[in-house]
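Student: below is the structure, and that's it, no one-letter string:
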């Protein structure tokens, strides 16, 4: 199919206009004022000019932090009368479709640095083009033997994992092509099991293609949304009831020579899950722990959640406690390459912890969408493991920072809680492991500024195991930074369930 030739577009509608400076009409036609003084260095742009496959955010930077950046889209010379770029603002060059056909669209940005007492910098010209794939197109590459990453036209990621008896397809993007046929060329006739990390359309878009002949798994709390999505696409209710299965924390999916493990990490959606392959150490996360793709850029979206961030941090810490250093690579729904190791998760914990400790003082304006707020840890241009999360400013804190008295981790050794830990639930029961006479409790307060932490009346340090008898009820007291607000959690130890036939 013949592509449209490269064309230049003036796209003010895709700029984050909420942050743009307003230029008075009286100033629009004034000639630029030449300043006496040192000449400013030219403006730089990241990413570098070139060809990109999807919508991309361009950051313009001035060497002098006090300089203003003024820019144009139409190739004209930028002046003090041109729009200015607010600190942290991005200019977006958009991918464009004509129906199902992807277009190649050109953009020319010119920019100048201006500051009082300085001579304006030389104007710089940055030329970009965005070449969309057709909506029906898929591309893929083998990341390792038995592991293939598939991308749709919007660069959403799917992962095909090979087993000896079946393949697992993790997520299905939102392309419009024949994804089942595309996948079929790699499976050699083996069945395909679908696993969806969550219920958003860019991860379940092609679920309809597989539901009639494949078993599909999705987190329990997200199953109703996926069922509604399939029903709107005309899938019969009996097919949905038969083939769409709820996946709970601790479930496994058998591929023959390996079993994929499912862990619940609610937050991005109520039923978000991650999938771990113990044979390789690969962790497939979709958007469940976010992503740090530099373009356009992508961050974790939590702005729609009404639950505070301590709940998500507790879920993430629970996941890491279960998997430890077995995680070798993390594959998200939007990163172009796997992340090696767990440094990204370290950044995630630090960013959210800072938000809980500092409150709104830790927030910065979101890169996208405009008008909301986010937490960021690390520099996205220089740190491959940086992390960002958009938050709901009204509900991301469980209490004002000085009054936060809670836990984000509560774990036992030698016994097991009868329900998953949740910071909002304060009373728990635990069952001692048969034959265990010694056990410990480990607790981590929500705020690193908590005034004190005591277990069974004894002061303890954050994250340090404390030996307990495993009898009766053990109180855990957390005092907030204000020294007055407190919360008490309790663990009541129940007797182990007797094995059938065992003597009393």
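Tutor: Now that the structure is in, tell me what you want to look at. A quick note: this is a predicted structure, and the numbers were derived from the prediction, not measured.

Student: give me the contacts around stretch 395-404.
Tutor: 302, 305-310, 355-359, 405-406, 423-424, 446-447, 449-450, 480-482, 485 (Cβ atoms under 8 Å, 6 or more residues apart in numbering). Every residue, glycine included, has its C-beta placed from N, CA and C.

Student: who does residue 168 bridge with?
Tutor: residue 161, residue 193 (DSSP bridges).

Student: now residue 272: how far from residue 457?
Tutor: Computed as Cβ to Cβ, to the nearest Å, the residue 272 to residue 457 distance reads 38 Å.

Student: now residue 114
Tutor: Taken as Cβ to Cβ, the span from residue 114 to residue 457 is 64 Å.

Student: who's more crowded, residue 272 and residue 457?
Tutor: Using other Cβ atoms under 10 Å, the more surrounded residue of residue 272 and residue 457 is residue 272, with 27 against 8.

Student: contacts only, for the more buried one.
Tutor: Listed by Cβ under 8 Å, 6+ apart, the contact partners of residue 272 are 197-198, 219, 222, 264-266, 286-288.

Student: can you add distance to residue 235 and secondary structure and give the residues you listed back as TSV?
Tutor: Conversion of the contacts of residue 272 to TSV gives the following (distance: Cβ to Cβ, whole Å; DSSP: H, G, I helix; E, B strand; the rest coil):
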residue	distance to residue 235	secondary structure
197	20	coil
198	19	coil
219	19	strand
222	16	helix
264	25	strand
265	27	coil
266	26	coil
286	22	strand
287	24	coil
288	25	coil
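
Student: out of these, who's nearest residue 120?
Tutor: residue 287 (42.8 Å; Cβ to Cβ).

Student: what about the closest one, how many residues nearby?
Tutor: 24.

Student: these two touch, right, residue 389 and residue 302?
Tutor: Yes. When contacts are counted by Cβ atoms under 8 Å, residue 389 is listed as touching residue 302 (5.5 Å).

Student: more crowded one of the two?
Tutor: residue 389 (26 against 23).

Student: which helix or strand contains that one?
Tutor: strand 387-391 (DSSP states H and E).

Student: chain center to that strand, what's the gap?
Tutor: 7 Å (Cα atoms, centre = their mean, to the nearest Å).

Student: helices or strands next to it in the packing?
Tutor: Packing partners of strand 387-391 (3 or more Cβ pairs under 8 Å, 6 or more residues apart in numbering; DSSP states H and E): strand 300-301, helix 343-358, strand 373-377.

Student: try 10 Å this time
Tutor: strand 300-301, helix 309-323, helix 343-358, strand 373-377 (3 or more Cβ pairs under 10 Å, 6 or more residues apart in numbering; DSSP states H and E).

Student: so who does residue 307 touch?
Tutor: Listed by Cβ atoms under 10 Å, 6 or more residues apart in numbering, the contact partners of residue 307 are 266-267, 270, 392, 395-396, 398, 422-424.

Student: of all those residues, which comes closest to residue 57?
Tutor: residue 392 (22.1 Å).

Student: what's the closest non-adjacent residue to that closest one?
Tutor: What sits nearest to residue 392 in space, not counting adjacent residues and going by Cβ to Cβ, 6 or more residues apart in numbering, is residue 303, at 5.2 Å.

Student: show me this structure divided up by domain.
Tutor: Using automatic domain parsing, the domains assigned to the chain come out as 7-131, 134-273, 289-397, 401-494.

Student: make a markdown table from those and add distance to residue 282 and mean pLDDT to it.
Tutor: Shown next, in a markdown table, are the domains of the chain (distance: least, Cβ to Cβ, whole Å; pLDDT from 0 to 100):
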| stretch | distance to residue 282 | mean pLDDT |
| --- | --- | --- |
| domain 7-131 | 24 | 82 |
| domain 134-273 | 7 | 97 |
| domain 289-397 | 5 | 95 |
| domain 401-494 | 24 | 95 |
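
Student: ok so residue 184 is a strand residue?
Tutor: No. Assigned with DSSP: H, G, I helix; E, B strand; the rest coil, residue 184 falls outside any strand and is helix.
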